[in-house]
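Asker: using only what follows, build the 3D model:
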Amino acid sequence: MLSAEKLVILDRDGVINHDSDNYIKSLDEWLPYPSAITAISRLYRAGYTVAIATNQSGIARGYYDETTLQAMHDRLIALVEAQGGRIAHIAYCPHGPDDKCQCRKPLPGMLLSIQRQLGLESLTGSWMVGDSLRDLQAGEAVGCNTALVRTGKGLKTERKGAGLEKARVFDDLAQFVEWLIK
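Answerer: Predicted coordinates:
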């Protein structure tokens, strides 16, 4: 039986792969951090369940479609599995910021979806790892511990400082994983 304490939820862009202010619109633009792929595999091998919660408003904006997004996620899954890891679930929000959905971070809808999908009673004690304040806010709303990584938009988020009081800060996902499994 999975326990919330053994669940790590990751943001995608800026945590697992390079981010872009122009959106990641194709498989060619989806460039993973090699250390992040290794880190996900290490988490799994250490007994953690890994899920992903990612805002993908580029779909609503017409920059790419769900087939393209699935191709990116298929590549991610294949890379992680090639290193002996596993991703339990990927939740994404295809909506734009003005669509008034309940899934777009900082709202916790995607995290609650992950909770249901994995059959957990709560997410209290699990981890939400992101590179933006909205990632951390979504995690805090459902009782997650939070970690900010300095990759992607993380350094800019750290410099702003507001809202980071409860978060641990790490250079990247690999450093977080090293700390967590020790």
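Asker: residue 105 belongs to a helix?
Answerer: No. With DSSP: H, G, I helix; E, B strand; the rest coil as the criterion, residue 105 is located in coil rather than a helix.
Asker: tell me where the longest strand sits in this structure.
Answerer: In the chain, ranked by residue count with DSSP state E as the criterion, the top strand is strand 49-55.
Asker: hmm, who's touching that one?
Answerer: 2, 6-13, 16, 40, 43-44, 85-93, 104-105, 110-111, 114, 117-118, 128, 134-135, 138 (C-beta atoms under 8 Å, 6 or more residues apart in numbering). (C-beta placed from N, C-alpha, C; glycine too.)
Asker: and the angle from the top helix by length along the chain to strand 49-55?
Answerer: Longest helix in the chain, counting residues (DSSP state H): helix 66-82. An angle of 150 degrees separates the directions of helix 66-82 and strand 49-55 when computed by axes from the mean of the first three to the mean of the last three C-alpha atoms, to 10 degrees.
Asker: just the C-alphas of the first helix or strand past helix 66-82 going along the chain, formatted as CSV.
Answerer: Beyond helix 66-82 on the C-terminal side, the first helix or strand identified by DSSP states H and E is strand 89-93. What follows is the C-alpha trace of strand 89-93 in CSV, where atoms were taken according to Å, rounded to 0.1, in the frame of the first residue of the first chain:
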residue,chain,number,x,y,z
HIS,A,89,1.0,9.0,-13.2
ILE,A,90,1.2,12.2,-15.2
ALA,A,91,-1.5,14.7,-14.7
TYR,A,92,-1.7,17.8,-16.9
CYS,A,93,-3.9,20.9,-17.2
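Asker: what comes into contact with strand 89-93?
Answerer: Identification of contacts with strand 89-93 by C-beta under 8 Å, 6+ apart yields 51-57, 69, 73, 76, 101, 103-105, 109-111, 113-114, 117-118.
Asker: would you tell me what the next helix or strand after that strand is?
Answerer: Remark: after strand 89-93, the chain's next helix or strand is helix 109-118, criterion DSSP H and E.
Asker: number of nearby residues for the nearest residue to residue 163 once chain neighbours are set aside?
Answerer: By the measure of C-beta to C-beta, 6 or more residues apart in numbering, the closest residue to residue 163 outside its immediate chain neighbours is residue 133, 4.8 Å from it. Counted with other C-beta atoms under 10 Å, the neighbours of residue 133 add up to 21.
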